[in-house]
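*Asks:* pasting a predicted model and its sequence here:
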Amino acid sequence: MGRKLLLEKAGIENIRQYDVYRQNGGYSAQEKAYKMAPADIIEEVKKSGLRGRGGAGFPTGLKWSFLAKPEGVPRYLVCNADESEPGTFKDRYLMEFLPHLFIEGLAISSYALGANTCYIYIRGEYAWIPDILEQAIAEARNAGFLGKNILGTGFDLEIYVQRGAGAYICGEETALLESLEGKRGNPRIKPPFPAVKGLWGCPTVVNNVETLAAVVPIINIGGEEYAKIGIGKSTGTKLISACGNINKPGVYEIDMTISVEEFLYSDEYCGGIPNGKRLKACIPGGSSVPIVPANLLLKTAKGEKRMMTYESLADGGFQTGTMMGSGGFIVLDEDQCVVRHTLTLARFYRHESCGQCSPCREGTGWMEKILQNIEYGKGKMSDIDLLWDIQSKIEGNTICPLGDAAAWPVAAAIRHFRDEFEWHVLNPEESQKRNFGLAHY
Ligand code: NAI
Ligand code: SF4
């Protein structure tokens, strides 16, 4: 049984309520942290090796240390709770079932950063969760863990919940800031990074829900202890949301020492693939990361066991590896059609493109049309090369990573499953008959 740091208390009845959370050791990390100097908290987070859990894996302590501190200018902590990556639903679990753990993480992090205002920007589709969070915020405030002069430190903190309106692009940190400012969610060009010029032009740290919740166990056990869990630079525990063709879909906390095979097949986690089917492929880190076929998922290019770590999942680069990403683990069994799956994703990215950059605006729609033709038996062999060409011209040529995220799934699908694309072209009549509709995650 792997170590649990975030979901340790998840099974306790009524843990969502303040009293129950408190009776079970809740808010003791905040009490400990508020006796420390803010710089020492940042040091603990650095020592822990915690990496951003939203998808990019950027070292959290380093990001915090980049926060500019000009005189007389407010600083902000913004929590990115706009979890919209297809296949990813781990932040929802934390916010819905352990809201006080999350709020405690925000309170500690805000104190460490000297931010008196913290915003939670939550995706619009999580319509029922803001009420849960607002209730937890009110309870924490009544108990003296938020508000004015918290725990007698002289530190004030207000946390506000802002609902998004259902746009995937508002999960990109600068689009999120634009939206928070009341504007259309168009990504900004970086640099400047938010740490220097963020919300209303002020220094801002933007962190994911899980990242901020992880600060609680880091303070409880200490950064060094946290760093001992895991392998290499993949320290601590990670939440994985598992879905697709598996026996036990759900949210799991893993310590990053287990293999992909163990995660997929053991009863503690996904419990294998239903009806004795064979594994075809997997997207281990949410829809934006490359799909990998079964043989490369379980073993790296060097023939070693692939582990559930940032480094091992990425081993081999995009040729043979993939990414940890947001931890949205999507499994496809032998019956799934990779072309149809890629079309579903292409449709999603075309719909969600904000339209600022031409390669993304034009390319995503163009790729969708070609994939639609191939999937439904109206494609030509040359379309496969055209698709490859389009994706290669989007990648790296856009303002924000949505362009890359739209290109990579197409590239990986062609790289590993070209024969399936060719099958559709060579078998137009059968392709036309296979009208499954779109895949849903
Ligand atoms: P990024 O690599 O551009 O940035 C990572 C973070 O580090 C950002 O907060 C950035 O401001 C900061 N940073 C980087 N260099 C910096 C510097 N020199 N100074 C100060 N700060 C610096 O990646 P980004 O755009 O934040 O995230 C992309 C990832 O998000 C994708 O790989 C994907 O996996 C994931 N994603 C997750 C979603 C979800 O629902 N969880 C949705 C869509 C994408
Ligand atoms: Fe908008 Fe796409 Fe450009 Fe991102 S890459 S800024 S989503 S057009």
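*Replies:* Perfect, I can see it now. Ligands and ions are numbered 1, 2, ... in the order given.

*Asks:* apart from its neighbours in sequence, what residue is nearest the residue of the stretch 101-250 of the chain at minimum distance from ligand 2?
*Replies:* Relative to ligand 2, the nearest point of the stretch 101-250 of the chain is Pro187 (4.2 Å; Cβ to the nearest ligand atom). In this view, the C-beta of every residue, glycine as well, is placed from N, C-alpha and C. Computed as Cβ to Cβ, 6 or more residues apart in numbering, the closest residue to Pro187 that is not its neighbour in sequence is Cys400, at 3.7 Å.

*Asks:* again, but for Glu429
*Replies:* In space, and not counting its chain neighbours, Glu429 is closest to Gly377: 6.5 Å by Cβ to Cβ, 6+ apart.

*Asks:* just list the residues touching the residue of the stretch 101-250 of the chain closest to ligand 2, thanks.
*Replies:* Contacts for Pro187 (Cβ atoms under 8 Å, 6 or more residues apart in numbering) come out as 169, 172, 174-175, 178, 354, 356, 399-400, 402.

*Asks:* just the element for it, please.
*Replies:* Under DSSP states H and E, no helix or strand contains Pro187.

*Asks:* do the same with Glu158
*Replies:* Assignment of secondary structure by DSSP H and E places Glu158 within strand 158-163.

*Asks:* what of Glu311?
*Replies:* In this structure, Glu311 sits in helix 310-314 according to DSSP H and E.

*Asks:* burial count for Lys238?
*Replies:* By other Cβ atoms under 10 Å, 23 other residues sit near Lys238.

*Asks:* please name the bridge partners of it.
*Replies:* On the basis of DSSP bridges, Lys238 is bridged to Ile254.

*Asks:* briefly note if the helix holding Glu311 comes near ligand 1.
*Replies:* No. Helix 310-314 is not in contact with ligand 1 by Cβ under 6 Å from any ligand atom; minimum separation 11.1 Å.

*Asks:* can you dump the C-alpha atoms of that helix in PDB for me?
*Replies:* Taking Å, rounded to 0.1, in the frame of the first residue of the first chain, the C-alpha atoms of helix 310-314 are listed here in PDB:
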ATOM      1  CA  TYR A 310       7.900  12.500 -14.500                       C
ATOM      2  CA  GLU A 311      11.300  11.200 -15.800                       C
ATOM      3  CA  SER A 312      10.400   7.600 -16.700                       C
ATOM      4  CA  LEU A 313       7.100   8.500 -18.400                       C
ATOM      5  CA  ALA A 314       9.100  11.000 -20.600                       C
END
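
*Asks:* does whichever helix or strand comes after it come close to ligand 1?
*Replies:* Downstream of helix 310-314, the first helix or strand assigned by DSSP H and E is helix 317-320. No. Helix 317-320 lies out of reach of ligand 1 by Cβ under 6 Å from any ligand atom, never closer than 12.6 Å.

*Asks:* now do the contacts for the closest residue to ligand 1 within the chain.
*Replies:* Residue nearest to ligand 1 within the chain: Gly55 (2.2 Å; Cβ to the nearest ligand atom). For Gly55, the contacting residues are 85, 208, 285-286, 288, 325-326, by Cβ under 8 Å, 6+ apart.

*Asks:* just the residues you listed: which are in strands?
*Replies:* Among the contacts of Gly55, the residues falling in strands (DSSP state E) are Asn208.

*Asks:* including distance to Glu139, neighbour count and pLDDT, could the contacts of Gly55 go into TSV?
*Replies:* Formatted as TSV, the contacts of Gly55 follow (distance: Cβ to Cβ, whole Å; neighbours: other Cβ atoms under 10 Å; pLDDT from 0 to 100):
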residue	distance to Glu139	neighbour count	pLDDT
Glu85	30	24	96
Asn208	23	24	98
Gly285	34	26	97
Gly286	32	26	97
Ser288	36	25	93
Gly325	33	26	97
Ser326	29	33	97
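
*Asks:* restrict the contacts of Gly55 to contacts with ligand 2.
*Replies:* Residues of those in contact with ligand 2 (Cβ under 6 Å from any ligand atom): none.

*Asks:* pick out the most distant pair among the contacts of Gly55.
*Replies:* Distance extremes for the contacts of Gly55: the farthest pair is Asn208 and Ser288 at 14.4 Å, using Cβ to Cβ.

*Asks:* contact partners for the closest residue to Glu262 other than its chain neighbours?
*Replies:* Nearest residue to Glu262, sequence neighbours excluded (Cβ to Cβ, 6+ apart): Tyr269, at 7.3 Å. Residues in contact with Tyr269 (Cβ under 8 Å, 6+ apart) are 240, 242, 248, 252, 254, 262-263.

*Asks:* let's see it at 7 Å
*Replies:* Counting by Cβ atoms under 7 Å, 6 or more residues apart in numbering, Tyr269 touches 242, 252, 263.
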